[in-house]
Structures are given as C-alpha cells and as structure tokens.
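1. Sharing a sequence plus its predicted fold:
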Amino acid sequence: MSCTFCDIAAGNSPASIFYEDEVALGFLSIEPINLGHVLVIPKRHTVSLSDLNEATGRHIWTIAQRTGNVLRRSGVRCEGINIFLADGAAAFQEVFHLHIHVFPRYAGDSFTLDADWTLKPRRSELDRIAEQMRSAYRNLHG
C-alpha cells in the first residue's frame, strides 16, 4: 500500500520542503488553508498518535512550534497561528500518515471552526469521565 507522505519523505514525490532532519520533514501543503500552511511529519510511517513513539512526538511538536515562530518572521501574512492534528477518519484525517498542520491566520481569512458549543455537561459527568481517563492512563503508563 502506497503512502503519499512516505513517498515525499523518500524523495520519490515532489514537495516544497522547508525543514528536514533524520526524524522529521516539513513541507508546504498543496491544499493550504492560507499561503504558508505547512505539514510536519515523522519520516517513519506512523498512522496515529497511538503508533507514535514519545521521542518522535516530542521532536515533531518542537519542529511544529518552531515553524510557528518561523512563519511569523518569514514575511508570509501571519497575525496568528493554528496547529492542528487529525487522528482518525472521525477527526478528519485524510492521509493516514500522522502529520501536524501549522498554518498562518489573519483577520478575515476563510478558516472557521464550527461545532455545537452549547453542550454543558454536569460536573458529575466530567468527574466520571476524568476517572475513566485516569484509570486508562494508569493502565497504559503505570
């Protein structure tokens, strides 16, 4: 099965690369939210957060954070930054190779986040979910 991002990382597909090291690759999106929209990926094929080792996760986050700073200083129109990661089809992941989107924002651009912001769970429900998460965290990480 072919992976578009693995092909880019291997140098077999074209990309406008702005960052590369032995672990990570950063390149401009061909379907940008705004000009300057980039993707930061681990070079090693990784589908989701659960497949990502923590050292690589820290590294690609560091590159994404630095990229936000670079965008602000690059001359690209940038009044703010969004960082976005989609993990799974239900979260809008379309390319199943983990990637972090970093994109410049400015007043009046076309990007929106739309959700039902009226959900207001009771504290007891939040506490119940927090306990489920604490239990899962202990089981995964000791």
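-> Sure, I can see it.
2. Report the contact partners of the closest residue to F111 other than its chain neighbours.
-> Spatial nearest neighbour of F111, excluding adjacent residues (CB to CB, 6 or more residues apart in numbering): I33 at 5.0 Å. Yep, even glycine has a C-beta here, placed from its N, CA and C like the rest. Contacts for I33 (CB atoms under 8 Å, 6 or more residues apart in numbering) come out as 82, 101, 103, 109-111.
3. swap the cut-off to 10 Å and go again
-> Shown in contact with I33 (CB atoms under 10 Å, 6 or more residues apart in numbering): 82, 84, 101, 103-105, 109-111.
4. again, but for S2
-> 12-13.
5. can you tell me the helix or strand for it?
-> Assigned by DSSP states H and E, S2 falls within no helix or strand.
6. Give me the distance between it and S13.
-> Separation of S2 from S13 (CB to CB, to the nearest Å): 10 Å.
7. same thing with E94?
-> 16 Å.
8. same deal with C6?
-> Distance, C6 to S13, by CB to CB: 9 Å.
9. picking up where we left off before, quick one: buried ones out of the contacts of I33?
-> Among the contacts of I33, those scoring as buried are 84, 101, 103-105 (criterion: 16 or more other CB atoms under 10 Å).
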